[in-house]
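In: Sequence and predicted model, in that order:
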Amino acid sequence: CLKEVFSIFDFDKAEAYTIKLTRDAELDIDNDLSKSISEKIEKSLKQRKKGKLVRLVYDSEIPSDLLNFITKKIKMKKSSNLLPGGRYHNFRDFINFPKVGSRELQYTPIKPLHHPDLENTKSLFKAIRKKDILLSYPYQSFNHIIDLLREASIDPKVASIKITLYRAAKNSNIISSLTNAIKNGKSVTVVVELQARFDEEANIFWANQLKEEGANVIYGVPGLKVHSKLFLITRKEDKGPVDYAHIGTGNFNEDTANVYCDHSLLTADERITDEVAKVFTFYSNNFKTGSYKHLVIAPFFMRKRFTKLVNREIENAELGKDAYIILKLNSLADRDMVKKLYQASKSGVKIKLIVRGSCSIVPGIKDQSENIEVISIVDKLLEHSRIFLFCNDGDEKIFLSSADWMFRNFDQRSETAVPIYDNRIKKELKTLLNLQLTDNTKARIIDKEQNNNYKFAVAGTKKVRAQDEIYNYFKNQLAARLIIN
């Protein structure tokens, strides 16, 4: 419609080309003590729009004289990142692209399943008190988390709710449940991370709304990003107060829970809940870091603890014992941990890595990484969970974590990893890891040549697509429980 738009002008031809400017997204937060952290971030968000130019992506069909005119006007040097592309550059928008064309071109949406131990349960607290519960999204329903917080908001025995919020949904049922809890006389503490990149504005909105309702809002920790996925519900029961904790790998966000593969551990195990309480004490009083025997906490103890576990595998390998490590991560780029894994490989430790994003490990190098295998799975659902497994001389240790193995996670963020003590859940997580390691449909082999070739099924062997297999695993598990009942 360019001719109609510019009809008042006298022209021969009208053409349009799209460009996309990327700016430095880091927030420059001043040290003015008279301003609150939310005021500082709001000011920084406005400055972000004027951030340093990082790159220019443009339609490759654009005439060179027009491109030169644009780069000159925005004062961008030609030596900078000028990247030719197609007509449309905001690929993120494709997530909400309308469904067009034949149905066979679309994936059939999976219907989240109920957890066998939580289906038709009158009280979720009773189920969690009985045994630890592992939820796996989006295969299982995130509504269980919403239902638990809703139950807590109206249960007369619940005294308090403490929760960390990093990224919330646009129309958040989590926020609604917390608001209802406040109205029902519960003490609600919310640790809101205002520096969650590109969600700063939304988090300021939620923080202000919760504060107005009467919540105790804590704006993160100075110098650290709060990236832990925690909540702690304290309930007055017959034998005294009982804590119920959530430790997870993903955000309290019902929108992303439909697409992101994550895990939540729900537990009333005092070994865990007592230490989750210590983490919240640290958020309230940054001088009380606490000591931890069970949880693995960054930035204070995580690097040291996981280094120690890798060293144990090295020692066992050198003694001729079984020694292996399986890690599932989004990113593995911490220099020291990469060196430690190379050392483990040279000592004979068998290492299998599932890394969706950036990976600084180069497998298959003689005398360095011959015992390391790396795959990346990119499929219809986003792999987002972090699972760490260590042989530990036959007494396997398995952890769920909010943290990837990157410098920022170990040293610049508040992160939490939880050990799995329940043997049923250990077995289930091992099953999920093994299904991913046997994927021969969507898994890509990461190698030193950086070919990233698909891991194809060998002739005569079963074709395995891990995400479909995992969904069927949970579906069969639920069906078996229904038959028994």
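Out: Thanks, I have the structure now.

In: Surely Ala152 touches Ala181?
Out: Yes - judged on CB atoms under 8 Å, Ala152 makes contact with Ala181 at a distance of 6.4 Å. The C-beta positions use only the backbone N, C-alpha and C, and glycine is treated the same way.

In: in the stretch 101-250 of the chain, which spans are strands?
Out: For the stretch 101-250 of the chain, the strands defined by DSSP state E, counting those that start in this stretch occupy 133-137, 158-165, 187-192, 216-218, 225-226, 230-237, 240-248.

In: what does the third one rub up against?
Out: Residues external to strand 187-192 that are found in contact with it (CB atoms under 8 Å, 6 or more residues apart in numbering): 159-165, 178, 181-182, 203, 206-207, 210, 214-220, 226, 280, 283-284.

In: which of those are buried?
Out: 160-165, 178, 181-182, 203, 206-207, 210, 215, 217-220, 226, 280, 283 (16 or more other CB atoms under 10 Å).

In: nearest to Val57, of the strands of the stretch 101-250 of the chain?
Out: Of all those, strand 225-226 sits nearest to Val57, with 28.0 Å by CB to CB.

In: ok, that closest one: who's next to it in the sheet?
Out: Here strand 225-226 has these sheet partners by DSSP bridges: strand 413-419 (parallel).

In: Toward the C-terminus from the partner strand, list the very next helix or strand.
Out: Counting by DSSP states H and E, the next helix or strand C-terminal to strand 413-419 is helix 423-437.

In: what mean pLDDT would you report for that following helix?
Out: The pLDDT scores in helix 423-437 average 97.

In: Please work out which residues outside it touch it.
Out: 131-132, 134, 136, 263, 265, 326, 328, 352, 354, 375, 377, 387, 389, 396, 398, 400, 420, 443, 464, 466, 469-470, 473.

In: how far off strand 413-419 does it point, in degrees?
Out: Here the directions of helix 423-437 and strand 413-419 differ by 110 degrees (axes from the mean of the first three to the mean of the last three CA atoms, to 10 degrees).

In: which parts of stretch 267-274 are buried?
Out: Result for stretch 267-274 [16+ other CB under 10 Å]: buried residues Thr267, Ala268, Asp269, Ile272, Thr273, Asp274.

In: likewise stretch 446-462?
Out: Ile446, Lys455.

In: Please save the CA atoms from it in PDB.
Out: Taking C-alpha atoms only, stretch 446-462 is exported to PDB below (Å, rounded to 0.1, in the frame of the first residue of the first chain):
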ATOM      1  CA  ILE A 446      28.900 -31.800  18.800                       C
ATOM      2  CA  ASP A 447      32.400 -32.500  17.500                       C
ATOM      3  CA  LYS A 448      35.700 -30.700  17.000                       C
ATOM      4  CA  GLU A 449      34.900 -30.000  13.300                       C
ATOM      5  CA  GLN A 450      31.700 -28.100  14.400                       C
ATOM      6  CA  ASN A 451      29.600 -30.000  11.800                       C
ATOM      7  CA  ASN A 452      26.700 -30.500  14.300                       C
ATOM      8  CA  ASN A 453      25.400 -33.500  12.200                       C
ATOM      9  CA  TYR A 454      22.300 -35.300  13.300                       C
ATOM     10  CA  LYS A 455      22.700 -38.500  15.200                       C
ATOM     11  CA  PHE A 456      20.900 -40.800  12.800                       C
ATOM     12  CA  ALA A 457      19.500 -44.200  13.700                       C
ATOM     13  CA  VAL A 458      21.700 -47.100  12.600                       C
ATOM     14  CA  ALA A 459      19.900 -49.400  10.200                       C
ATOM     15  CA  GLY A 460      17.800 -51.900  12.000                       C
ATOM     16  CA  THR A 461      17.600 -50.000  15.200                       C
ATOM     17  CA  LYS A 462      14.600 -48.100  16.700                       C
END
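
In: if you go through this protein in chain order, where are the helices?
Out: Counting by DSSP state H, the segments of the chain that form helices are 2-5, 37-48, 64-73, 124-130, 143-154, 173-183, 200-213, 270-284, 302-318, 335-346, 407-411, 423-437, 466-484.

In: between the ones you listed, which one is nearest to Lys293?
Out: So among these, helix 270-284 is nearest, using CB to CB, at 7.4 Å.

In: Which neighbouring elements make contact with that closest one?
Out: Contact partners of helix 270-284 among helices and strands, from 3 or more CB pairs under 8 Å, 6 or more residues apart in numbering; DSSP states H and E: strand 187-192, strand 230-237, strand 240-248, strand 413-419.

In: Show me what the mean pLDDT comes to for the shortest one.
Out: For strand 187-192, the per-residue pLDDT values average out at 93.

In: CA atoms of that strand as PDB?
Out: This file holds the C-alpha atoms of strand 187-192, laid out as PDB (Å, rounded to 0.1, in the frame of the first residue of the first chain):
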ATOM      1  CA  SER A 187       2.500 -13.400  55.400                       C
ATOM      2  CA  VAL A 188       3.900 -13.200  51.900                       C
ATOM      3  CA  THR A 189       7.500 -12.400  51.000                       C
ATOM      4  CA  VAL A 190       8.400 -12.100  47.400                       C
ATOM      5  CA  VAL A 191      12.000 -11.800  46.100                       C
ATOM      6  CA  VAL A 192      11.700 -10.000  42.800                       C
END
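
In: residues of that strand that come out buried?
Out: For strand 187-192, the neighbour count (16+ other CB under 10 Å) marks Val188, Thr189, Val190, Val191, Val192 as buried.

In: Would you agree Arg235 is in contact with Pro156?
Out: No - the pair Arg235 / Pro156 is not scored as a contact, 9.8 Å apart, by CB under 8 Å.

In: between those two, who's got more neighbours?
Out: Arg235 (18 against 10; other CB atoms under 10 Å).

In: sorry, back to before: redo the helices and strands packed on helix 270-284 as JSON lines? Include distance to Gly290.
Out: Formatted as JSON lines, the helices and strands packed on helix 270-284 follow (distance: least, CB to CB, whole Å):
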{"stretch": "strand 187-192", "distance to Gly290": "15"}
{"stretch": "strand 230-237", "distance to Gly290": "14"}
{"stretch": "strand 240-248", "distance to Gly290": "15"}
{"stretch": "strand 413-419", "distance to Gly290": "12"}
